[in-house]
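Participant: Need the 3D shape of this:
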Amino acid sequence: MERRVVVTGLGAITPIGNTVEEFWKGIQEGKCGIDKITAFDTSTFKVKLAAEVKNYDPEKYFDRREAKRLDKYSQYAMIATREAWKDSGLNQETENMERVGVIIGSGIGGVETIETENQKCVEKGPDRVSPMYIPMAILNMATGNVAIDIGAKGTSISMVTACATGTHCIGESYHMIKHGYQDIMIAGGTEASITPLSIAGFSNIKALSKTEDKERASIPFDKERNGFVMGEGAGVLILEELEHAKKRHANIYAEVVGYGATSDAYHITSPAPDGEGGARAMKLAMQEANVKPEEITYINAHGTSTHLNDACETMAIKTALGEAAKRVMVSSTKGNTGHLLGAAGGVEAIVCAKAIEQGFVPPTIHYQVPDEACDLDVIPNEGRKVEVQYAMSNSLGFGGHNSTILLKKWEK
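Facilitator: Next comes the predicted model:
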């Protein structure tokens, strides 16, 4: 018997707010978290801007010894999870923690640790490499550290699908509960890759914007878009089986009703022509939810501000929704946060849950020059107060990975 799945907790640390409340307020106000990179000296770099988490002090969340043993990407995951767990009202003392699982992914993992320890190895020799290098750097450690921190003893998996990671983690967690394998899942994505090597690598494949005007750097769907802006942070959701949530009178943000995952099988960095892989992911999510295209109120687009992504995603939405694509509201919040890579889907699922809960559809900020190749209702610059019945979130990753989740307004 298939079970229903609801969202009962939210946690985030982002470039526009270090809690969900701060983050959502920033989204509503059209706040931009993009600014000059402070993490390292950019004097020899063509890229000068990123969306960093602001006012971050790890010792506010961890003791000094613990902080030194955790890469920042794991720290962010733990911080967002602690907030989401508290928000959900769940209690380790009363829950069967063997029925609580974790699927949190990252696009790159502990790259800051990798760069630091590599430099030590080259300059000072192999004996100077930290014994904590491997447990800090490997990609499963966000999930591993969260499971230890919370005491979750169920399914514990990390997923890596580049920029589609966060959405895949939520979708697979949804299926884990729907098909009876777990009762509660901690799901989302985390990333901390504003580092010299990451910025250089993405810059050299011409993926990043080189503009120094922070209000024209991340401009999804705008004709003058010229690349994405690197962001960092984490977004984590608590998913729960409906009857379990009702039994404990949990606050329910939204119901998860659909998930689609496809592969372009086309190219390592470019999306498939016409966005056909993304379109299939959206169709699969609607099919699972038994929802018609005209019922979708809002789509939080992947909307990276690269030329290819935004044009191909526009075509994908038109293919998936048909005539309804002319009426659906579509925005990208990457003008606010930059592109959080593996964490993007987690943070953007929170946007969808809050949009449904509060009846507010966020804008695409910094939009100035319309592009005939992106002729959707992109909610330019001003958000809208409107009841959101169904909200869809798209994530598309290098390697041709496409993922879509579909959330529904919760009604008792």
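
Participant: and E294, how many neighbours?
Facilitator: 13 (other CB atoms under 10 Å). C-beta here means a position set from N, CA and C on the backbone, and glycine is covered the same way.

Participant: For my notes, confirm it occurs in a helix.
Facilitator: Yes - E294 forms part of a helix when assessed by DSSP: H, G, I helix; E, B strand; the rest coil.

Participant: Distance of it relative to M282?
Facilitator: As judged by CB to CB, to the nearest Å, E294 and M282 stand 14 Å apart.

Participant: now do V146
Facilitator: Distance from V146 to M282, by CB to CB: 29 Å.

Participant: Ok, A192 next?
Facilitator: Counting by CB to CB - A192 and M282 are separated by 30 Å.

Participant: Assumed M392 was part of a strand.
Facilitator: Yes - assessed with three-state DSSP, M392 lies in a strand.

Participant: bridging residues for it?
Facilitator: I299, L406 (DSSP bridges).

Participant: Hmm, it is touching I356, no?
Facilitator: No - with contact defined as CB atoms under 8 Å, M392 does not count as touching I356 (11.0 Å).

Participant: what sits against G235?
Facilitator: 11-12, 14, 80, 166, 188-189, 340, 343, 345-350 (CB atoms under 8 Å, 6 or more residues apart in numbering).

Participant: actually K31, sorry about that
Facilitator: I16, G17, K25, N336.

Participant: Can you classify it as helix, strand or coil?
Facilitator: coil.

Participant: can you offset everything so residue one is 30?
Facilitator: Got it, the first residue is 30 from now on, which makes the last one we talked about K60.

Participant: From V151, how far out is it?
Facilitator: 40 Å.

Participant: quick one, helices of the stretch 330-441 of the chain?
Facilitator: 336-350, 363-366, 373-387 (DSSP state H, counting those that start in this stretch).

Participant: could I get the ones you listed as JSON lines with mean pLDDT and mean neighbour count?
Facilitator: Shown next, in JSON lines, are these (pLDDT from 0 to 100; neighbours: other CB atoms under 10 Å):
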{"stretch": "helix 336-350", "mean pLDDT": "97", "mean neighbour count": "23"}
{"stretch": "helix 363-366", "mean pLDDT": "98", "mean neighbour count": "30"}
{"stretch": "helix 373-387", "mean pLDDT": "98", "mean neighbour count": "28"}
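
Participant: Could you export those as TSV, including distance to Y162?
Facilitator: Below are those laid out as TSV (distance: least, CB to CB, whole Å):
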stretch	distance to Y162
helix 336-350	34
helix 363-366	29
helix 373-387	26
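
Participant: Please name whichever of these is nearest to N431.
Facilitator: For the helices of the stretch 330-441 of the chain, the distance to N431 is smallest for helix 336-350, at 8.3 Å, taking CB to CB.
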